[in-house]
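Fold the following and give me the result.
(3 chains)
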Amino acid sequence: MSAALAMTSPDASYLASLNPPQRAAVEALDGPVLVLAGAGTGKTRVLTTRLAHLLISRRVSPYEILAVTFTNKAAGEMRERVAHLIGASVEGWWLGTFHALAARILRRHAEVVGLHDNFTILDADDQLRLIKQLMDGSGIDDQRFPAKAVLGIIQKWKDRGEEPERVTGGGEGKILTLYRAYQDRLKTLNAADFGDLLLHNLTIFRTRPEILAQYQQRFKYILVDEYQDTNVGQYLWLRLLAQGARNICCVGDDDQSIYGWRGAEVGNILKFEQDFPGAQIIRLEQNYRSTGHILGAAGGLIARNRERLGKTLWTAAEEGEKVQVRGLWDSEEEARWVGDEIEAAQRKGIPAAQIAILVRASFQTREFEERLLTLGIPYRVIGGPRFYERQEIRDALAYLRVLHQGADDLAFERILNTPKRGIGPATVQQLHTAARALGVPLFEAIARLVETEDLKPKVRSTLRGLIEDFLRWRNQLQTIAHPQVAGMVLDESGYTTMWQQDKSPEAPGRLENLKELISAMAEFDTLAAFLEHVSLVMEQVEGAGNEAVTLMTLHAAKGLEFDVVFLPGWEEGIFPSSRSLDESGERALQEERRLAYVGLTRARKKAYVGYTARRRIHGQWEDALPSRFVAELPKEHIMSETSRGMFADGYGRWATNSGYGSGFGERTNFSYNPPARAVSVTRRAQAYSSGQRVFHDKFGYGTVTQVDGDKLTISFDHSAAKQVMAAFVAPADGE
DNA sequence: GAGGTGGCGACCGAG
DNA sequence: TCGCCACCTC
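Here you go, the predicted structure:
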């Protein structure tokens, strides 16, 4: 590090604002470095400054730096910040996600693994269809191994960097055979799935040392973000590339490793020192994001995990408000609670964009959406059904894929009979058989078949027309701009007409989406570039949602921060998720706990944790127990309250005659230490009138001054007048 | 070959 | 509750 310091120019003002460990992390340019960056400790700042520092102090060409992230969002942010810092474009840099960078390398050497450089990248949907096709008649018991499970096993192998010949971990012989068949099939389709992007890179590096050497020499410095989320394959990829210059800097936080389910190995970060001997370890522990109470609550929780490298976050900020933990009757009440607290926060001047609701699983967003809709609070859901996953978009893309890459049977099959052309499963089967017999892609096989007498006349002329159309469109691609060609394809194929004639209410929206797709294409120079973007980025086209509350999963929230964060659904089975626990037990529990830690540490000023006694699952009301994580939150950092009549506290005064919401029927007993009298409390809509004395859990006693449906305006004795939902007050009885 | 219906399992997570 | 798939009918 002293060498690096010596080289630092005195006018390196960008270094001045860093704290000592941050500065150390930026300046340790030589050899392997592991930066353990706790939540909110300025990790992105360190990464970008380090990149700028490399360019400025070492005069390294940007093309000699490999900077890897996990998400497109992180890559985009880094790009933007570095460009801003050095005042130049980062176009063409080796800065991107593992998948994007691996795809770039693979396109250059595709022939080594038997692909062409215009190979298609398949998404999960295509993969599953392919597996299903291969499983038909493979003799695999699809009860015991549904296609999804088989795909899961294959993906695990790929995540570990194991080609079929390399598979070690025991496993079913039949599934291994299927893995081989699957890989062969992908090759015929001139396609790669996500796992292949990395895996083929490994194959290329392993079998062609001269190619590896070329990249080893090129990348003088390697920078890795979110190292705790790397899987074995990614680790091997990095290690091979780093063997050249040996200057690799990995930034990560073992406490935020939440991707074990997709093969991430916390082990990678835990054994960094062994993997890269002589590694420097730098800890960033000063948190600049959250208040003391939020940090204390999160820290107490994560301390329950074993197998940590250990960090102690601290903050110079004030203690702030305690984390509010709230027990509620059911998920509907939970949604009302969150909605009301959001309104309260907004009244205090917190903008909607600074408020987030973070859930464990995406289906949990629905009830909140409904509530926010009712309250008229703008919101946006991140990670919902994505633009590129919509039916009409996938169909349109299938046309474009066939156009670009004729061997893409999966795409071709998708649109063979879309719009309806009278080509049913029987014909498709016949075409497949022919293609297999000829050993050529579907498109090619059909082109040949229509010249024979093997097909029924009607089918034959239909297919002949389709093939001719594609050949024509492909020709036009030479002379006409690709967005225009895309428009022609959709119109001339009858696809646009199909939706125009569709009477369903969604049809107009779909046509809109298709227009949007075509206009999005204009941003790319070539059809190939556009398709690459789509398969790698798959980004959601975000509505104008700057002033909106954010609803998303905890996974999607990593790396983000908000003033106010709601963490609902802290119930056993939901969070920690019983599915995870069933799959991998203690390991999974620790990962779930890290997820809770990630959730809490997203909050700057205030965090809320909610749990309910009853929740609708699969449309059925089911009883729930508070998550063990609730009990693990250190008492001194939380403020706990429960809805009236629920648990020991709050019970008694409120068990009867509680003025809860409306239309609720009989409730079954709640089994978590229920007070006897709380059993089967029937809650009815309580009518209030102006002048009536009431009690509110938070604001205390007050007098109703106005009634507007279930919204009351109350003049509180010890607090300003407020609008409150009737559900949240009770008639004052024991003053 | 198309379209309708009823039963059943899912609802975990990213590129 | 919802969406998918198997099965049915025309």
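
Please make it C-alpha for all contacts and neighbour counts, starting now.
Fine.

list the buried ones in stretch A:89-104?
Using 16 or more other C-alpha atoms under 10 Å as the test for burial, stretch A:89-104 gives A:Val90, A:Trp94, A:Leu95, A:Gly96, A:Thr97, A:Phe98, A:His99, A:Ala100, A:Leu101, A:Ala102, A:Ala103, A:Arg104.

and the nearest residue to A:Lys148 once chain neighbours are set aside, which of the three is it?
Take A:Lys148 and drop its neighbours on the chain: the residue closest to it by C-alpha to C-alpha, 6 or more residues apart in numbering is A:Leu128, 6.7 Å away. With DSSP: H, G, I helix; E, B strand; the rest coil as the basis, A:Leu128 sits in helix.

what sits against A:Leu128?
The contact partners of A:Leu128, by C-alpha atoms under 8 Å, 6 or more residues apart in numbering, come to A:Ala147, A:Lys148, A:Leu151.

same check, this time on A:Val565
A:Ile355, A:Ala356, A:Ile357, A:Leu358, A:Leu600, A:Arg602, A:Ala603, A:Lys606, A:Ala607, A:Tyr608.

In terms of pLDDT, where does it sit?
Note for A:Val565: predicted pLDDT of 96.

Confirm it sits in a strand?
Yes. Assessed with three-state DSSP, A:Val565 lies in a strand.

what does the stretch 551-700 of chain A put close to DNA strand C?
Within the stretch 551-700 of chain A, the positions adjacent to DNA strand C are A:His618, A:Gly619, A:Gln620 by C-alpha under 7 Å from any atom of the strand.

so which of these also contact DNA strand B?
Checking those against DNA strand B by C-alpha under 7 Å from any atom of the strand, the ones in range are A:His618, A:Gly619.

Show me the helices in the stretch 201-350 of chain A, by range?
A:209-218, A:232-242, A:266-270, A:272-275, A:292-302, A:331-347 (DSSP state H, counting those that start in this stretch).

The closest residue to A:Glu273 other than its chain neighbours: what's it in contact with?
Closest residue to A:Glu273 apart from its sequence neighbours, by C-alpha to C-alpha, 6+ apart: A:Ala279 at 5.6 Å. Taking C-alpha under 8 Å, 6+ apart, we find A:Ala279 in contact with A:Gly31, A:Pro32, A:Val33, A:Leu34, A:Phe272, A:Glu273.

Show the model's pLDDT score for A:Ala279.
pLDDT at A:Ala279 comes out at 92.

now A:Phe272
88.

picking up where we left off before, I'd like the contacts of A:Leu128 laid out as JSON lines, including secondary structure and pLDDT.
Putting the contacts of A:Leu128 into JSON lines (DSSP: H, G, I helix; E, B strand; the rest coil; pLDDT from 0 to 100) gives the following:
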{"residue": "A:Ala147", "secondary structure": "helix", "pLDDT": "80"}
{"residue": "A:Lys148", "secondary structure": "helix", "pLDDT": "82"}
{"residue": "A:Leu151", "secondary structure": "helix", "pLDDT": "86"}
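
Out of the residues you listed, the closest to DNA strand B would be?
Among these, A:Lys148 lies closest to DNA strand B (C-alpha to the nearest atom of the strand), at 9.1 Å.

separation between A:Gln22 and A:His84?
According to C-alpha to C-alpha, to the nearest Å, A:Gln22 stands 19 Å off from A:His84.

now swap in A:His637 and tell me
Distance, A:His637 to A:His84, by C-alpha to C-alpha: 39 Å.

one step back: which of the contacts of A:Val565 tops the neighbour count?
With neighbours set by other C-alpha atoms under 10 Å, the maximum within the contacts of A:Val565 is found at A:Leu600, which has 30 neighbours.

what pLDDT does that residue get?
Confidence for A:Leu600, expressed as pLDDT, is 95.

Leaving out sequence neighbours, find the closest residue to it.
Using C-alpha to C-alpha, 6+ apart, the closest residue to A:Leu600 is A:Ala298 (5.9 Å).

and the one you found, how far is that from DNA strand B?
20 Å (C-alpha to the nearest atom of the strand, to the nearest Å).

Count the neighbours of that residue for me.
Counted by other C-alpha under 10 Å, the residues lying close to A:Ala298 total 25.

Name the residues that touch the one helix or strand A:Met639 maps to?
A:Met639 belongs to strand A:638-642 when assigned by DSSP states H and E. Strand A:638-642 is touched from outside by A:His293, A:Ala297, A:Lys322, A:Val323, A:Gln324, A:Val325, A:Arg326, A:Gly327, A:Leu328, A:Asp649, A:Gly650, with contacts defined as C-alpha under 8 Å, 6+ apart.

Return the member of these nearest to A:Asp563.
Closest approach between the contacts of strand A:638-642 and A:Asp563, by C-alpha to C-alpha: A:Val323, at 12.7 Å.

how about that closest one, what does it touch?
Residues in contact with A:Val323 (C-alpha under 8 Å, 6+ apart) are A:His293, A:Ile294, A:Ala297, A:Lys606, A:Ala607, A:Tyr608, A:Val609, A:His637, A:Ile638, A:Met639.

A:Val26 too?
Contacts of A:Val26 (C-alpha under 8 Å, 6+ apart): A:Val46, A:Leu47, A:Thr49, A:Arg50, A:His53.

Sketch out the low-pLDDT regions of the stretch 1-150 of chain A for me.
For the stretch 1-150 of chain A, the stretches flagged by pLDDT under 70 are A:1-12, A:137-144.

next structured bit after the helix or strand harbouring A:Leu536?
Secondary structure assignment for A:Leu536, by DSSP H and E: helix A:527-537. For helix A:527-537, the succeeding helix or strand toward the C-terminus, using DSSP H and E, is strand A:549-553.

Show me what the mean pLDDT comes to for the next helix or strand after that next one.
Next helix or strand after strand A:549-553 toward the C-terminus (DSSP H and E): helix A:554-557. The average pLDDT within helix A:554-557 is 89.

Name the residues of helix A:554-557 that come out as buried.
Going by neighbour count (16+ other C-alpha under 10 Å), the buried part of helix A:554-557 is A:Leu554, A:His555, A:Ala557.

tell me the centre residue of chain A?
In chain A, the residue lying closest to the centroid (C-alpha atoms, centre = their mean) is A:Ala556, at 4.2 Å.

So that residue sits against A:Ala361, correct?
No. A:Ala556 lies out of contact with A:Ala361 (C-alpha atoms under 8 Å); the separation is 10.4 Å.

which ones are touching A:Gln217?
A:Gln217 makes contact with A:Gly244, A:Ala245, according to C-alpha under 8 Å, 6+ apart.

how does it look with 10 Å?
Applying C-alpha atoms under 10 Å, 6 or more residues apart in numbering, we find A:Gln217 in contact with A:Glu64, A:Leu241, A:Ala242, A:Gln243, A:Gly244, A:Ala245.

Mind picking the two most distant members of those residues?
A:Glu64 and A:Gln243 (14.4 Å).

Any regions of the stretch 501-650 of chain A where pLDDT drops low?
Within the stretch 501-650 of chain A, the stretches with pLDDT under 70 are A:538-546, A:644-650.

Pull up the residues of it that are close to DNA strand B.
Residues of the stretch 501-650 of chain A lying close to DNA strand B (C-alpha under 7 Å from any atom of the strand) are A:536-538, A:553, A:555-556, A:577, A:579-580, A:583, A:617-619.

Fine by me, we can end here.
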